[in-house]
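>>> the sequence isn't on hand, but the structure is:
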Ligand SMILES: [Fe+2]
């Protein structure tokens with residue numbers, strides 16, 4: 001289950017103070033994030049899905065929830081990815097999204113298993129959302145954020161896209177991500 005930790009924004013090279021708020025209550029996380037323009041939901045976990053299930057099996061297991069999201073938004077493209085701790089490119093893949101960036105498209109993710117840390121820079125706050133099995137997150141286009149998959153990444157996630165070709169990171173050049181806790 002996910003966890004939200006809310007911090008005040010810091011200026012560069014300054015450590016953030018104690019969290020303003022921490023919550024593992026899905027309802028409270030959804031309300032706090034909704035008030036900040038971020039979508040959060042819990043999907044019922046499909047326990048019968050084996051951990052090594054391929055992308056087709058993952059998409060099929062969550063077809064109902066995917067259809068619901070696609071009906072409410074504009075995400076015609078959907079895929080499923082898996083990263084394991086022995087991935088040869090894990091260091092480069094982790095580094096790729098570890099600095100603050102934005103996308104011209106929404107970033108929409110559902111965590112089938114494993115975990116990842118989404119860090120959202122929202123006005124004068126930073127919201128760290130630890131996403132775990134069953135967590136759905138929708139980060140609107142233009143939201144400043146970074147993502148940490150950890151030094152030994154292990155997750156499987158469903159991704160929904162407006163247009164996967166348009167989903168590229170535009171780095172802000174703000175070093176703020178260096179001040180906040182990482183996944184490990
Ligand atoms: Fe991103």
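That came through fine. Since the structure is predicted, the reported quantities are computational estimates derived from the model, not experimental observations.

>>> and the longest strand along the chain, which strands flank it?
Assignment by DSSP state E gives strand 107-122 as the longest strand of the chain. Strand pairing for strand 107-122, using DSSP bridges, gives strand 125-132 (antiparallel), strand 135-139 (antiparallel), strand 144-148 (antiparallel), strand 155-161 (antiparallel).

>>> what's in contact with the third one?
Pointing back at strand 144-148 there. 94, 97-102, 107, 116-122, 139, 172, 174, 177, 182-183 (C-beta atoms under 8 Å, 6 or more residues apart in numbering). Heads up, the C-betas are built off the backbone N, CA and C, glycines and all.

>>> can you turn the buried part of those residues into a ChimeraX selection?
Restricted to buried positions by 16 or more other C-beta atoms under 10 Å, the ChimeraX selection for the contacts of strand 144-148 reads:
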select :94,97,98,99,100,101,102,107,116,117,118,119,120,121,122,139,172,177,182,183
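
>>> circling back: now the strands paired with strand 107-122 as TSV including distance to residue 21 and mean pLDDT?
TSV is the format used below for these (distance: least, C-beta to C-beta, whole Å; pLDDT from 0 to 100):
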stretch	distance to residue 21	mean pLDDT
strand 125-132	9	98
strand 135-139	18	97
strand 144-148	18	98
strand 155-161	25	95
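
>>> can you tell which of those strands is closest to residue 76?
strand 155-161 (7.7 Å; C-beta to C-beta).

>>> contacts for the closest one next, please.
Taking C-beta under 8 Å, 6+ apart as the rule, strand 155-161 contacts 51, 53, 58-59, 62, 66, 69-70, 73, 75-83, 105, 108-116, 149, 167.

>>> check contacts around the spatially most central residue of the chain.
With distances taken as C-alpha atoms, centre = their mean, residue 118 lies nearest the centre of the chain, 4.4 Å away. By C-beta under 8 Å, 6+ apart, the contact list for residue 118 reads 109, 128-129, 131, 137, 139, 145, 147.
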